[in-house]
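> one predicted model, sequence on top.
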Amino acid sequence: MPLVTSAEMFKKVYGKCAVGAFNVNNMEIIQGIVDAAKEEKAPLILQVSAGARKYAKHIYLMKLVEAAVEDTGLPICLHLDHGEDFEICKACVDGGFTSVMIDGSKLSFAENIAVTKKVVEYAHAKGVVVEAELGRLAGIEDAVNVSAKDSSYTDPEQAAEFVHKTGCDSLAVAIGTSHGAYKFKGEAMLDFERLEKIASLLPGFPLVLHGASTVLPEFVAKCNEYGGDIKGAQGVPEDMLHKAGTMGVCKINIDTDLRLAMTASIREYLANSPADFDPRQYLKPAREAIKNMVKHKIANVLNCSNQL
Ligand SMILES: O=C(CO)COP(=O)(O)O
Ligand SMILES: O=C[C@H](O)COP(=O)(O)O
Ligand SMILES: [Zn+2]
Ligand SMILES: [Zn+2]
């Protein structure tokens, strides 16, 4: 079974649930994720950021993901997360990725369309699918009032025009989520009305939610219990993610929750076993922590178990 694109996965889950897209940076993270997906019989997207490519090198991540496909027999999609220009997308298309994201969300509408179109033409000619982004993910200070929302969240009419003009295969939308562990100051709020409007103007078209970690309090607490200092962290409640998955969101991106699970495990191990220094001793439970987190996401949050 070679790497696959996300096209079939999205068709299968549309309107029912979302596929998990998990960020990968090293072997233990990849193994934890794929073991979970295998046990849950779930479709899976592994995604690599520019930072991950820089940290681990394209070739190492590629070979590790190929090994995961061979080892598990799972249909895995390998995706570039937040490609910032045509060149990085091209490098990943040429280098064996089956999906790339061109993130032109910081550009003007016209420039975003132009660069996305260019990536789509290049990628589609090689059988690779393209995710684009329109609208800006809120920072913790952003989108506190309606006018701020209107200037940063995805405009539904623009989204429809953007998809028709670019031919992209999926679209990341801004409805109130943000990257990292500090997503909301007060109550968590997503603009579901806006999501509904976007989906109604793009029937059957896969939408993507970035910044979708839940930042589970027990993992933050464990980090802090064993020497960490993470204050004021808050994520997207699980029921909101579940709901988004029934409204046209087909891909939900999760990185922060894996980072917290891995760090909590390593901190706990090292605090309890100060004489140990073999990395396998703490990376083994860390890998297990990743696996448990991904199983929880797939089975209880994304609801995409048994969707192969
Ligand atoms: O969107 C993400 C990667 O593109 C990850 O989001 P989180 O920081 O919420 O995990
Ligand atoms: O979108 C951000 C992802 O969490 C990846 O983060 P990174 O750029 O630090 O690898
Ligand atoms: Zn973005
Ligand atoms: Zn993202």
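Ah, there it is. Ligands and ions are numbered 1, 2, ... in the order given.
> contacts, neighbours, all on C-alpha from now
Will do.
> on the three-state scheme, residue 131 is what?
For residue 131, the secondary structure call by DSSP: H, G, I helix; E, B strand; the rest coil comes out as strand.
> contacts only, for it.
By CA atoms under 8 Å, 6 or more residues apart in numbering, the contact set of residue 131 is 99-102, 168-172.
> which stretches of the stretch 51-200 of the chain form helices?
58-72, 86-94, 109-125, 146-152, 156-166, 192-201 (DSSP state H, counting those that start in this stretch).
> quick one: closest of the ones you listed to ligand 1.
Between ligand 1 and the helices of the stretch 51-200 of the chain, the shortest separation by CA to the nearest ligand atom is 14.9 Å, and it involves helix 86-94.
> name the residues of the protein found near ligand 1, please.
Residues of the chain lying close to ligand 1 by CA under 6 Å from any ligand atom are 81, 179-180, 210-213, 253-257.
> which of these sits closest to residue 162?
Sorting those by distance to residue 162 puts residue 210 at the head of the list, at 18.3 Å, by CA to CA.
> picking up where we left off before, just the ones in helices from the residues of the chain next to ligand 1, please.
Counted as lying in helices by DSSP state H, out of these, are 256-257.
> turn the residues of the chain next to ligand 1 into a markdown table, including pLDDT and neighbour count.
Formatted as a markdown table, the entries for the residues of the chain next to ligand 1 read as follows, by pLDDT from 0 to 100; neighbours: other CA atoms under 10 Å:
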| residue | pLDDT | neighbour count |
| --- | --- | --- |
| 81 | 98 | 25 |
| 179 | 95 | 19 |
| 180 | 96 | 21 |
| 210 | 98 | 22 |
| 211 | 97 | 22 |
| 212 | 98 | 27 |
| 213 | 98 | 26 |
| 253 | 98 | 22 |
| 254 | 98 | 23 |
| 255 | 98 | 19 |
| 256 | 98 | 20 |
| 257 | 98 | 24 |
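> restrict the residues of the chain next to ligand 1 to contacts with ligand 2.
Checking those against ligand 2 (CA under 6 Å from any ligand atom), the matches are residue 255.
> okay if I get the residues of the chain next to ligand 1 as JSON lines plus distance to residue 203?
Conversion of the residues of the chain next to ligand 1 to JSON lines gives the following (distance: CA to CA, whole Å):
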{"residue": "81", "distance to residue 203": "24"}
{"residue": "179", "distance to residue 203": "27"}
{"residue": "180", "distance to residue 203": "30"}
{"residue": "210", "distance to residue 203": "20"}
{"residue": "211", "distance to residue 203": "23"}
{"residue": "212", "distance to residue 203": "22"}
{"residue": "213", "distance to residue 203": "26"}
{"residue": "253", "distance to residue 203": "21"}
{"residue": "254", "distance to residue 203": "25"}
{"residue": "255", "distance to residue 203": "28"}
{"residue": "256", "distance to residue 203": "30"}
{"residue": "257", "distance to residue 203": "31"}
